[in-house]
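Visitor: I'll drop the sequence and a predicted model, then ask my questions.
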Amino acid sequence: MSVVVLGAAGATYSFFKHPPPITRGAIVGEHWHASYKIYICGKRLANYPTVEGEIHSHGDGFLHIHPATEAYAADNANLGNFLLLYETSFTQDANGKRVMTFPTGASIKDGDTCSNTRHYKWIFTNKGNAVKGDPAKFLPHDGDVLVMQFGPRGSGVLPNPYSIKHPEAGVGQAQPPGTTPGPDTAQIPPGLLTTTPKPAASPAATP
């Protein structure tokens with residue numbers, strides 16, 4: 001009997017010293033941080049600027065996840081809702097192809113090419129490990145390191161389409177002004193930084 005008791009006590013101690021990893025999303029009252037980087041055709045997308053929300057960023061390259069309502073808690077504390085704040089989506093279609101759509105209206109999907117005419121697929125990793133499934137449903141946790149990559153990486157900085165569409169929001173960057181390389185817009189997919197024109201209204205029918 002004493003052996004059983006000691007065994008149970010040891011298991012309890014191990015549980016509290018090494019608790020199982022959290023698999024749920026953040027809940028109301030928690031405040032988590034996860035870093036993120038987005039690479040497109042050899043350039044890193046500039047950080048999203050400061051915009052208030054329950055899952056947002058301060059232009060620092062981090063997701064600040066602190067749900068205040070159930071609408072952004074648990075399964076809703078996902079990457080999709082973070083990007084939605086910035087009019088961006090990163091999801092997976094019925095055929096399993098991933099596509100990122102920007103506030104300018106441009107999209108980059110699996111199979112598209114960079115300027116070198118090579119076809120690429122989106123690579124999505126957390127702490128260096130591949131993430132499977134729909135990226136929009138991914139639940140970031142405190143300390144996660146997210147990388148969304150289409151094509152090669154690089155040191156050049158690509159202007160963020162959200163900042164271009166909403167200049168009043170400012171430009172996010174992780175380093176103090178003057179230490180970040182200037183935006184490099186060469187060799188990127190056409191249309192990424194250009195707001196898609198709205199279709200002209202149809203002329204009224206003549207009575």
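Guide: Good, I have the coordinates.

Visitor: longest single strand anywhere in the chain?
Guide: If you go by DSSP state E, the chain has its longest strand at strand 32-40.

Visitor: so what strands line up beside the helix or strand following that strand?
Guide: Helices and strands here follow DSSP states H and E; after strand 32-40, the next one along the chain is strand 43-45. Using DSSP bridges, the strands paired with strand 43-45 are strand 32-40 (antiparallel), strand 156-158 (parallel).

Visitor: Could you give the separation of the shortest one from the chain centroid?
Guide: Offset of strand 156-158 from its chain centre (C-alpha atoms, centre = their mean, to the nearest Å): 17 Å.

Visitor: what do you get for the first one?
Guide: Its chain's average C-alpha position is 6 Å from that of strand 32-40, according to C-alpha atoms, centre = their mean.

Visitor: Can you name the residues in contact with that strand?
Guide: Counting by C-beta atoms under 8 Å, 6 or more residues apart in numbering, strand 32-40 makes contact with 26, 44-45, 61-66, 100, 108, 140-154, 158, 188-189, 192, all of which sit outside it. All C-beta atoms are positioned from the backbone trio N, CA, C, and that covers glycine.

Visitor: Any quick PyMOL command for the buried ones out of these?
Guide: In PyMOL, this line selects whichever of those come out buried by 16 or more other C-beta atoms under 10 Å:
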select buried, resi 26+44+45+61+62+63+64+65+66+100+108+140+141+144+146+147+148+149+150+151+158+188+189+192
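
Visitor: Going by neighbour count, list what's buried in the longest strand of the chain.
Guide: In strand 32-40, counting by 16+ other C-beta under 10 Å, buried: 32, 33, 34, 36, 38, 39, 40.

Visitor: Specify the beta-bridge partners of the fifth one.
Guide: Yep, that's residue 38 we're talking about. When residue 38 is checked against DSSP bridges, its beta-bridge partners turn out to be residue 148.
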